[in-house]
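Undergrad: I'll drop the sequence and a predicted model, then ask my questions.
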Amino acid sequence: MWQIGRSDKDSDKKYRSLDQVIDRYSPGEGQLIRILQEAQNIFGYLPEEVQTYIAGKTDMPVSEVNGVVTFYSLFHTDPRGKHGINVCMGTACYVQGAGDILEDFRRDLHLKDCDTTDDGLFTVKNTRCIGACGLAPVITVDGEVYGRLNRKEVPKILRKYRKIEEAAEKTDDQQPERPAENQERTPAGP
Ligand code: FES
């Protein structure tokens, strides 16, 4: 689940980090964007609850905080997957079949009413022209541009990023376990 609740420990930890951020920047003027940037790094996105919390802590109207969040495209109010897929739906890409490509991604990832997969791995969005019309149809994944795409490449691209994740997980599994800090030491022999 992607909801943020104040009840679990993880969430409390995030709010404690946010408190530290707010303490660092307040009461200076014009610091709201920095606070929001750091809050987004901490929570992954800026839901209403976090915006309200920031407003309360900084003595600002919620409407002002929300106005900044919605004005800047770098902020998002819904959860994002680890890998962001943006399918350009500008005119050049659209006429070259971008709509089908977008549908293929959504279908392969079982996305119906949302843009992010249940495992939090992918978010699929459509976007306006990204200025690479000569390569239409174009998508970006985590900022990397894939041009002159055809529908057959959709599963290949997803496989590529899944493999990257699998490799990262294996690397994590192979990390030697750190000894427990409170582990009792065997007394040295006589
Ligand atoms: S329309 Fe897609 S890059 Fe311009």
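TA: Received, thanks. Numbers count the residues shown, from 1 in each chain.
Undergrad: Quick check: the gap between Thr116 and Val69.
TA: Distance, Thr116 to Val69, using C-beta to C-beta, to the nearest Å: 18 Å. Where C-beta positions appear, they are placed from N, C-alpha and C, glycine not excepted.
Undergrad: got it, and Ile54?
TA: From Ile54 to Val69 the distance is 9 Å (C-beta to C-beta).
Undergrad: shared neighbours of these two, which are they?
TA: Common contacts of Ile54 and Val69 (C-beta atoms under 8 Å, 6 or more residues apart in numbering): Leu36.
Undergrad: tell me the contacts of the residue of the chain found nearest the ligand?
TA: Going by C-beta to the nearest ligand atom, the ligand is nearest to Gly90 of the chain, at 2.4 Å. By C-beta under 8 Å, 6+ apart, the contact set of Gly90 is Ala98, Arg128, Cys129, Ile130, Cys133, Ala136.
Undergrad: what about Leu74, distance to Lys125?
TA: 14 Å.
Undergrad: which of those two has more neighbours?
TA: Ranked by neighbour count (other C-beta atoms under 10 Å), Leu74 and Lys125 place Lys125 first, with 17 against 9.
Undergrad: Contact residues of the protein facing the ligand?
TA: When proximity is defined by C-beta under 6 Å from any ligand atom, the chain lies next to the ligand at Cys88, Gly90, Thr91, Ala92, Cys93, Cys129, Ile130, Gly131, Ala132, Cys133, Ala136, Val138.
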